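K.L.:
Predicted coordinates and the sequence they were generated for:
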Amino acid sequence: LVGPAKTLFMDEISTGLDSSTTYLIVRCLRNYVHLLEGTVMISLLQPPPEVFDLFDDVLLLSEGQVVYHGPREDVVGFFAGLGFTIPERKGVADFLQEVTSRKDQQQYWSGDAPYQFVPVTHFHGAFISSPQGRAQAAALEAPTLRQPEYLDPLVRERYALSGWDSFKACLRREWTLMKRNSFLYIFKTCQIIVLAVIAGTLFLRGTFDTSTIRGGSLYLGLLFFSIVHLMFSSYAEQTLMIHSLQVFFKQRNMQSFPAWAFAGPTSLLRMPYSVLDAIIWAGIVYWLVGLAPDAGRFFLFLLYLFLIHQMGTALFRLMGALGREISRTNVFGSFALVLVILLGGFALKYQDIHPWWIWMFWISPVTYAMNGLSNNEMSAPRWAMPVTIEGTTRSMGDWILANNGLFTASYWRCMPVLVLISYWGLFTGLTFIALQYFPAPQHDAPLFSEDYLAERELNRTGQLPTNLKKANRNHSGKKSDNHSHHHHHHQQSKKAQNSKHPVLPVSADAHERAFTKDQQPARATLTLAPAGPLQPVDDAVLVVSTGSNITSDTGYALSSSDTHTTHSSDQGRGYQRPVPGPAAIVGGVNGGGGGSDE
């Protein structure tokens, strides 16, 4: 409302408001339009008369057809010309919503001929041939005004903001979301502290002998647990990612910003938390356990923890971007977590992995993280004592690494840093590609029964759909007593022809759908399949050749013996099904600048 837009589209703005507030809002919009020469299109549900009178134009839609579109003052006269008038003390808006309904239309009929349901297509055709319809067609056929060359109505840029401005806007939003989810991060921080204290006391300094291979292997178990903890700590990222996708895809379709502007701030703001996570874990565990007392090895240990957490965060964000649904993503994420941990080279040694799965060992990030942390610790001077086993002399650190299926080359101490950074970049890039180019998830379309669709088609055209007629005929043809029914119906039709009233033909489906005494009246349905279009008659007769009780949707009960005739002027109207939903009233307000209604 405060921007430079001259055309506003508003849907159900009165929801949750009282009539007085709705009136004030619509009156404000009317003044805005008339003073600033704008255009406002509003859809309202059952607007009160004082609100309805504020609009200039009315657009009435029903079953996908334009029933009326023109000045508000002419809408009553339009329907009066078709034989429908408004009773006293009846609002125009309520009248417009009910005049196309099969259930409520008859009460407004004021024509001289007997009432017969007027479908939506008839209203649409009358509107096309009306003065309002012809005026609208003429306005649409008129050539459009040529814009001056210095006024370019087209947007030449894909996004309204530049890349940097989009990045800053998404960064501010992500920071706001992190503050809203502060409880999650505070809880995870407390969890890290508790687990670090537990792990540090379990592997407390001096508990294990550092002069044996078995004692060194226990230190490697601590390093492996550190990796597993960080991987599980980053697992929550896929849930956060899934929850943000609904808003992202909506904004992506609106061309609000590129995908990298959405994914970049998230990765950037996770870095301080990864640093905090690594500092807490390293500061507690490293000194409680008594790992190599060397500043360089401590900071390299800290760097590995940071990179492992960042890599896990990027991995599970990728899982969320690909899965897009919580249950499916949990399956994929858990499976990926089990694979990278189980085939990471420590839980299952490199030599024990089946050749079919050896490829997973080489692409698992845990493989490089475990080898990097292990070589960083086992290359310390306290593990450099020579040990001879079966005639081979190696340092204690190398024997511990080899005994656990890890590599002993010196470059494995620092080389995994580059690998983890590469994995982080790979997972972040794949997340960007998935967000930018993959289609948005499609929501399940609602399912409609054949009866519901038949009701809508009857309301629109006044006739049952052809495919439903055939299905009903095929269904009735499978009955064992089909011939007797047709023979009985033929005899009743002959009797009706001898009477003075014209006959309204009823198909055999009416007999198949007739309700018995034990069934609920409110569920009753009578299917009619006339031989041709229904023509208005003075006094039509509905012939029902059945011995059952038939209860219509409006509560009329017809009891019959072998032959029962009912005049349409009495109870025949009871067989009209209710309309599935109300018609929509859309009001348009045009400015005083002389522009045509868009």
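P.N.:
Now that the structure is in, tell me what you want to look at. Residues are numbered from 1 along each chain as shown.

K.L.:
Which parts of the stretch 1-150 of the chain are helices?
P.N.:
19-36, 49-52, 75-80, 92-98, 120-129, 131-141 (DSSP state H, counting those that start in this stretch).

K.L.:
What residues of the longest one count as buried?
P.N.:
It stands for helix 19-36. 22, 23, 25, 26, 29, 32, 33 (16 or more other Cβ atoms under 10 Å). (Each C-beta comes from the backbone N, C-alpha and C, glycine too.)

K.L.:
Show the average pLDDT along it.
P.N.:
Across helix 19-36, the average pLDDT comes to 90.

K.L.:
which other helices and strands contact it?
P.N.:
strand 39-44, helix 49-52, strand 584-590 (3 or more Cβ pairs under 8 Å, 6 or more residues apart in numbering; DSSP states H and E).

K.L.:
Can you list the low-confidence ranges for the stretch 51-200 of the chain?
P.N.:
147, 149-155 (pLDDT under 70).

K.L.:
change it to 80
P.N.:
Applying pLDDT under 80 to the stretch 51-200 of the chain flags residues 144-156.

K.L.:
related to what we said a few turns ago, which one of the helices of the stretch 1-150 of the chain lies closest to residue 406?
P.N.:
helix 19-36 (70.5 Å; Cβ to Cβ).

K.L.:
and that closest one, how far out from the chain's middle?
P.N.:
Centroid separation between helix 19-36 and its chain, computed with Cα atoms, centre = their mean, to the nearest Å, is 33 Å.

K.L.:
Please export the C-alpha coordinates of it as CSV.
P.N.:
What follows is helix 19-36, C-alpha atoms only, in CSV (Å, rounded to 0.1, in the frame of the first residue of the first chain):
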residue,chain,number,x,y,z
SER,A,19,-18.2,-5.4,9.5
SER,A,20,-17.2,-1.9,10.8
THR,A,21,-13.5,-2.4,10.3
THR,A,22,-14.1,-3.9,6.9
TYR,A,23,-16.1,-0.9,5.9
LEU,A,24,-13.4,1.5,7.0
ILE,A,25,-10.7,-0.4,5.1
VAL,A,26,-12.7,-0.6,1.9
ARG,A,27,-13.7,3.1,2.2
CYS,A,28,-10.0,4.0,2.6
LEU,A,29,-9.2,2.0,-0.5
ARG,A,30,-11.9,3.6,-2.4
ASN,A,31,-10.6,7.1,-1.5
TYR,A,32,-7.1,6.0,-2.4
VAL,A,33,-8.3,4.8,-5.9
HIS,A,34,-10.4,7.8,-6.7
LEU,A,35,-7.8,10.3,-5.6
LEU,A,36,-4.6,8.6,-6.9
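
K.L.:
any idea of the angle it forms with strand 39-44?
P.N.:
160 degrees (axes from the mean of the first three to the mean of the last three Cα atoms, to 10 degrees).

K.L.:
Now tabulate the helices of the stretch 1-150 of the chain in JSON lines and tack on distance to residue 176.
P.N.:
Output for these, formatted as JSON lines (distance: least, Cβ to Cβ, whole Å):
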{"stretch": "helix 19-36", "distance to residue 176": "29"}
{"stretch": "helix 49-52", "distance to residue 176": "37"}
{"stretch": "helix 75-80", "distance to residue 176": "47"}
{"stretch": "helix 92-98", "distance to residue 176": "41"}
{"stretch": "helix 120-129", "distance to residue 176": "48"}
{"stretch": "helix 131-141", "distance to residue 176": "46"}
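
K.L.:
Tell me which of those helices sits nearest to residue 214.
P.N.:
Going by Cβ to Cβ, the one of those nearest residue 214 is helix 19-36, 77.6 Å.

K.L.:
which one's the longest helix in this structure?
P.N.:
When the chain is parsed with DSSP state H, its longest helix is helix 259-289.

K.L.:
Let me know the average pLDDT across it.
P.N.:
Helix 259-289 shows a mean pLDDT of 93.

K.L.:
ok, now stretch 359-375?
P.N.:
94.

K.L.:
For the remainder of this discussion, apply numbering that starts at 655.
P.N.:
That works, and once the first residue is 655, the last one we named lands at stretch 1013-1029.

K.L.:
With just CA atoms, put it into PDB.
P.N.:
Output in PDB follows, covering the C-alpha atoms of stretch 1013-1029 (Å, rounded to 0.1, in the frame of the first residue of the first chain):
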ATOM      1  CA  TRP A1013      34.800 -47.100  -3.100                       C
ATOM      2  CA  MET A1014      32.800 -45.800  -0.200                       C
ATOM      3  CA  PHE A1015      35.900 -45.900   2.000                       C
ATOM      4  CA  TRP A1016      37.700 -43.600  -0.400                       C
ATOM      5  CA  ILE A1017      34.900 -41.100  -0.800                       C
ATOM      6  CA  SER A1018      33.900 -41.000   2.900                       C
ATOM      7  CA  PRO A1019      34.800 -37.700   4.600                       C
ATOM      8  CA  VAL A1020      35.200 -39.600   7.900                       C
ATOM      9  CA  THR A1021      38.100 -41.600   6.300                       C
ATOM     10  CA  TYR A1022      40.200 -38.400   5.900                       C
ATOM     11  CA  ALA A1023      39.100 -36.800   9.100                       C
ATOM     12  CA  MET A1024      40.000 -39.900  11.100                       C
ATOM     13  CA  ASN A1025      43.400 -40.300   9.400                       C
ATOM     14  CA  GLY A1026      44.200 -36.600   9.900                       C
ATOM     15  CA  LEU A1027      43.400 -36.600  13.600                       C
ATOM     16  CA  SER A1028      45.200 -39.900  14.200                       C
ATOM     17  CA  ASN A1029      48.400 -38.900  12.400                       C
END
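
K.L.:
where does the stretch 1055-1204 of the chain dip in pLDDT?
P.N.:
In the stretch 1055-1204 of the chain, residues with pLDDT under 80: 1096-1104, 1106-1107, 1109-1110, 1112-1204.

K.L.:
between the buried residues of helix 673-690, which is closest to residue 838?
P.N.:
Distances from residue 838 to the buried residues of helix 673-690, taken by Cβ to Cβ, are shortest for residue 679, at 38.5 Å.

K.L.:
Double-check the closest one against residue 669; I have them as touching.
P.N.:
No - using Cβ atoms under 8 Å, residue 679 makes no contact with residue 669, being 11.8 Å away.

K.L.:
weakest of the helices and strands packed on helix 673-690 in terms of mean pLDDT?
P.N.:
Across the helices and strands packed on helix 673-690, the lowest-scoring stretch is strand 1238-1244, with a mean of 41.

K.L.:
before we move on, back to that, got CSV for the buried residues of helix 673-690, with distance to residue 992 too?
P.N.:
Putting the buried residues of helix 673-690 into CSV (distance: Cβ to Cβ, whole Å) gives the following:
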residue, distance to residue 992
676, 57
677, 62
679, 56
680, 59
683, 58
686, 60
687, 62
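
K.L.:
What about residue 1078? Give its phi and psi, please.
P.N.:
phi -60, psi -50 (degrees, to the nearest 10).

K.L.:
typo on my end, residue 909
P.N.:
Main-chain dihedrals, residue 909, degrees, to the nearest 10: phi 60, psi 40.

K.L.:
got it, and residue 1074?
P.N.:
Per degrees, to the nearest 10, the backbone of residue 1074 is at phi -70, psi -40.

K.L.:
what's the closest non-adjacent residue to it?
P.N.:
Computed as Cβ to Cβ, 6 or more residues apart in numbering, the closest residue to residue 1074 that is not its neighbour in sequence is residue 961, at 4.0 Å.

K.L.:
Could you count how many residues lie near that neighbour?
P.N.:
Neighbour count of residue 961, defined by other Cβ atoms under 10 Å: 25.
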